[in-house]
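K.L.:
Quick one, fold the following:
(chains A and B)
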Protein chains: 2
Amino acid sequence: MQMNLSCPMPALDFDVITLGHGSGGTLMQKLLDSGVFSLLANPILDQRHDGAIIPWQGPLAFSTDSYVVSPQFFPGGNIGDLAVNGTVNDLAMCGAVPKYLSLSFILEEGLQMAEFWEIMTTIKAACVRAGIEVVTGDTKVVERGKGDKIFINTSGIGTLHPKAAVSLQNIRPGDVVLLSNAIAAHGMAIMSVRKELAFESEIRSDTRSLSGVIQKLIDRFGAQIHFLRDPTRGGVASVLNEIATDARVGIDIRQKDIPVEEAVASACEVLGLDPLYVANEGVFIAVVAEAIAQAAVDLLRAESESAQAVAIGEVTSEHTGQVVLTSTIGGRRVVNRLAGEQLPRIC
Amino acid sequence: MQMNLSCPMPALDFDVITLGHGSGGTLMQKLLDSGVFSLLANPILDQRHDGAIIPWQGPLAFSTDSYVVSPQFFPGGNIGDLAVNGTVNDLAMCGAVPKYLSLSFILEEGLQMAEFWEIMTTIKAACVRAGIEVVTGDTKVVERGKGDKIFINTSGIGTLHPKAAVSLQNIRPGDVVLLSNAIAAHGMAIMSVRKELAFESEIRSDTRSLSGVIQKLIDRFGAQIHFLRDPTRGGVASVLNEIATDARVGIDIRQKDIPVEEAVASACEVLGLDPLYVANEGVFIAVVAEAIAQAAVDLLRAESESAQAVAIGEVTSEHTGQVVLTSTIGGRRVVNRLAGEQLPRIC
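P.N.:
Predicted structure coming up:
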């Protein structure tokens, strides 16, 4: 999946980040001129003003996220593509087509330039894949021990899809709850590195842009896609609970229909984690009109990003505010919200 | 200057931030519901989607900054109003009217809720003063020793002022360089706290929104305002050097015309710092057509934010790329760029 960008690390007369690289002086200029600007080049960024001026028409979606994932490098990605895909997906879940991104770094003194450059090239590749451009940015450096290598904030803006009507208010009893792919891969990929667990097969993060497949879904089904959300921190269980509470409906789901890759399921078992609460970075939940549910699943299954798409349950007028799971052996239980922290710094 | 917001800290069953507050679960919900959402309430934020949907027409300006200032509280402000004003000012310097803000926190485990709440109310007050609304946000928590109390990213969008034509390309030899107020207050306010220096009179940061005065300037003079920039990190010297390099012109400035408050000048002397390189958070540089320079100074002086506005020099076709200062005793010297770090974590 890695894009082959011919961007070798530029020759530099420094190999670690120092406080001076965040000063606004020539050192910072040197860092940016070393390759960052040319890597991300586009006519808007090239203006190099404090802000970007962008032609625009019609309603926009605006979203922000700061990424503090630890470790910064993990199977399937690093904090760079996570930061791009995460904000791209937040925009897509609004029914928007992501267009422009801001990129802001908080670097810890001592960060290796080789690591920074690997993250930069991953950012670029993720932007290309998602069809989005970085148009403005910022770099700060903090002293050793006051940060953790690198934190990234991305904020994004997108144009609202003209056929989109994604809103909690559109959710109705009888709607079908779709899940786009197998769950819990991102969280378990991070855990496998953190705990140095050697599973039989490597678990890779599912970080990816969902913008393409969401656009196809809305192109085809428009306002019949009632709601979209990607279950990142807190996993599928947390997002379904939020939907049930905020839309004042009940949600029934069937455990047997929720896909979990075997390696992921085993890892969850080893660590005593319920995959329903584990973070995803390349999966979405769609609440759709019953009439198009099967056609939507068929459309999703034809796309590589959502090849395991499945209907996992329904919206109901009963047990308002609660998510009820029918287990594989037929029992029913309430899926509670996560109280505190299951997996800190997962994104 | 402090706005009297009747927002007492909400009653909470926790008084420090824990990792669980960044988890996406009920603890995080409790933190946000404790008062954050009601403090910042507006129809767009109240949707509580992952992104904000905003009606829009015409070109927009988009800017981002992460704030890591240390200490987080200082005379004249804290990291909260600094983060709002900083991004508001970046948008204003594009010739835009700031409209909406995103707000993203990276909190360190152990941060006192009382401090967080004081920062929140300061954010709210700064938003009201700048006429801007927070429409989307994010909260992450990192372990003790992996951050420093609180880092804030704000990204902002604004509408381009219809009469604005702010661009490096519009700078011409003969243009006049205006400075909106006395310099170096922010940097020295931070230094005074950091070094526990007791100066005769307290030095207060100049953090403030410049959006109002910039709008008046553009309303009146339109395209005759050729360029705007606020000299934050690296100070006036760094911004003038950037302008000289990027616009391929020379700049002459007169030391005697550059206002520095007496307490600030003394503090700079004590620490051996040149005020030209010290950060500002409420000052801007305007490069304007000669014909309107005096009228622009008059307009600025009538506003409290820019009461000490003054013409400090001219753009010249000589010594391209260089800033030359005529000292108070008549000597001329090149004002170089700052190499590395003068004052780390000033913003």
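K.L.:
from here on, contacts and neighbour counts on C-alpha atoms
P.N.:
Will do.
K.L.:
Next up, identify which helix or strand the spatially most central residue of chain A is on.
P.N.:
Residue closest to the mean C-alpha point of chain A, counted by CA atoms, centre = their mean, is A:G86 at 2.9 Å. Assessed by DSSP states H and E, A:G86 sits inside helix A:79-93.
K.L.:
Could you point out the helix or strand that follows that helix?
P.N.:
The helix or strand immediately downstream of helix A:79-93 is strand A:96-108, counting by DSSP H and E.
K.L.:
I'd like the average pLDDT over that following strand.
P.N.:
For strand A:96-108, mean pLDDT rounds to 97.
K.L.:
just the angle between that strand and helix A:79-93, please?
P.N.:
150 degrees (axes from the mean of the first three to the mean of the last three CA atoms, to 10 degrees).
K.L.:
just checking, what packs against strand A:96-108?
P.N.:
If you count contacts as 3 or more CA pairs under 8 Å, 6 or more residues apart in numbering or on different chains; DSSP states H and E, strand A:96-108 packs onto helix A:79-93, strand A:133-142, strand A:150-160, helix A:211-221, strand B:60-67.
K.L.:
by how many degrees do the helix holding A:G86 and strand A:150-160 diverge?
P.N.:
Using the same axes, to 10 degrees: helix A:79-93 against strand A:150-160 is 30 degrees.
K.L.:
Helix A:79-93 and chain B, any residue contact?
P.N.:
Yes. Counting by CA under 8 Å from any CA of the partner chain, contacts between helix A:79-93 and chain B involve A:D90, A:L91, A:M93.
K.L.:
between these, which has the most around it?
P.N.:
A:L91 (33 neighbours; other CA atoms under 10 Å in any protein chain shown).
K.L.:
Tell me how far it lies from B:I53.
P.N.:
According to CA to CA, to the nearest Å, A:L91 stands 9 Å off from B:I53.
K.L.:
Now do the shared contacts for the two.
P.N.:
Common neighbours of A:L91 and B:I53, counting by CA atoms under 8 Å, 6 or more residues apart in numbering or on different chains, are A:A61, A:F62.
K.L.:
tell me, how many neighbours does A:G145 end up with?
P.N.:
There are 15 residues near A:G145, going by other CA under 10 Å.
K.L.:
residue ranges with poor pLDDT in the stretch 201-347 of chain A?
P.N.:
A:340-342 (pLDDT under 70).
K.L.:
List the residues that contact A:D274.
P.N.:
Here A:D274 is in contact with A:C268 (criterion: CA under 8 Å, 6+ apart).
K.L.:
now it: how far from chain B?
P.N.:
For A:D274, the distance to chain B (CA to the nearest CA, to the nearest Å) stands at 14 Å.
K.L.:
Specify the beta-bridge partners of A:T154.
P.N.:
Bridge pairing for A:T154 (DSSP bridges) gives the partners A:D65, A:L103.
K.L.:
Helices of chain A, start to end?
P.N.:
A:26-31, A:37-40, A:79-93, A:113-130, A:185-194, A:211-221, A:235-246, A:262-271, A:293-301 (DSSP state H).
K.L.:
okay, those helices, which one's buried deepest?
P.N.:
helix A:79-93 (a mean of 28; mean count of other CA atoms under 10 Å in any protein chain shown).
K.L.:
The stretch 151-300 of chain A against chain B: which residues are in contact?
P.N.:
Counting by CA under 8 Å from any CA, the residues of the stretch 151-300 of chain A near chain B are A:N153, A:S155, A:L160, A:R229, A:R233, A:G234, A:S238.
K.L.:
Report the contact partners of A:R233.
P.N.:
Taking CA under 8 Å, 6+ apart, one finds A:V278, A:A279, A:N280, A:I346, A:C347, B:S23, B:G24 in contact with A:R233.
K.L.:
please redo it, this time with the cut-off set to 10 Å
P.N.:
A:187, A:239, A:277-281, A:341-347, B:22-25 (CA atoms under 10 Å, 6 or more residues apart in numbering or on different chains).
K.L.:
Domain ranges for chain A, per the record?
P.N.:
Listed domain ranges for chain A are A:19-160, A:168-334 (source: automatic domain parsing).
K.L.:
Of all the helices of chain A, which one is nearest B:I119?
P.N.:
helix A:79-93 (25.3 Å; CA to CA).
K.L.:
by how many degrees do that closest one and strand A:133-142 diverge?
P.N.:
130 degrees.
K.L.:
Hmm, A:H161 is touching A:S211, no?
P.N.:
No. Look at A:H161 against A:S211 with CA atoms under 10 Å: they stay out of range, at 11.2 Å.
K.L.:
any idea how far A:N153 is from A:L82?
P.N.:
Taking CA to CA, one finds A:N153 at 11 Å from A:L82.
K.L.:
Please apply the same query to A:C347.
P.N.:
7 Å.
K.L.:
do A:I132 as well
P.N.:
When CA to CA is the yardstick, A:I132 and A:L82 sit 14 Å from each other.
K.L.:
try A:P59
P.N.:
Taking CA to CA, one finds A:P59 at 26 Å from A:L82.
K.L.:
same thing with A:T316?
P.N.:
From A:T316 to A:L82 the distance is 34 Å (CA to CA).
K.L.:
again, but for A:L240
P.N.:
Taking CA to CA, one finds A:L240 at 22 Å from A:L82.
K.L.:
And A:Q308, by the same measure?
P.N.:
On the measure of CA to CA, A:Q308 and A:L82 end up 21 Å apart.
K.L.:
again, but for A:P275
P.N.:
In terms of CA to CA, A:P275 sits 20 Å off from A:L82.
K.L.:
do A:G51 as well
P.N.:
Taking CA to CA, one finds A:G51 at 24 Å from A:L82.
K.L.:
Adding distance to B:D13, write the domains of chain A out as a markdown table.
P.N.:
Below are the domains of chain A laid out as a markdown table (distance: least, CA to CA, whole Å):
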| stretch | distance to B:D13 |
| --- | --- |
| domain A:19-160 | 26 |
| domain A:168-334 | 22 |
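K.L.:
how about the ones you listed, which one is nearest B:D219?
P.N.:
domain A:19-160 (18.7 Å).
K.L.:
For the closest residue to A:I258 other than its chain neighbours, the count of nearby residues, please.
P.N.:
Leaving out its chain neighbours, the residue that sits closest to A:I258 by CA to CA, 6 or more residues apart in numbering or on different chains is A:I312, at 6.1 Å. The number of residues packed near A:I312 is 20, by other CA under 10 Å.
K.L.:
Is A:I312 in contact with A:L240, as I believe?
P.N.:
No. A:I312 is not in contact with A:L240 according to CA under 10 Å; the separation is 11.3 Å.
K.L.:
where do the contact lists of those two overlap?
P.N.:
With CA under 10 Å, 6+ apart, A:I312 and A:L240 have common neighbours A:V177, A:D252, A:I253, A:I285.
K.L.:
wait, isn't the third one in contact with A:V310?
P.N.:
Which is A:I253. No. Counting by CA under 10 Å, no contact exists between A:I253 and A:V310, whose distance comes to 11.5 Å.
K.L.:
Overlap in contacts, those two.
P.N.:
The contact lists of A:I253 and A:V310 share A:V177, A:L178, where a contact means CA under 10 Å, 6+ apart.
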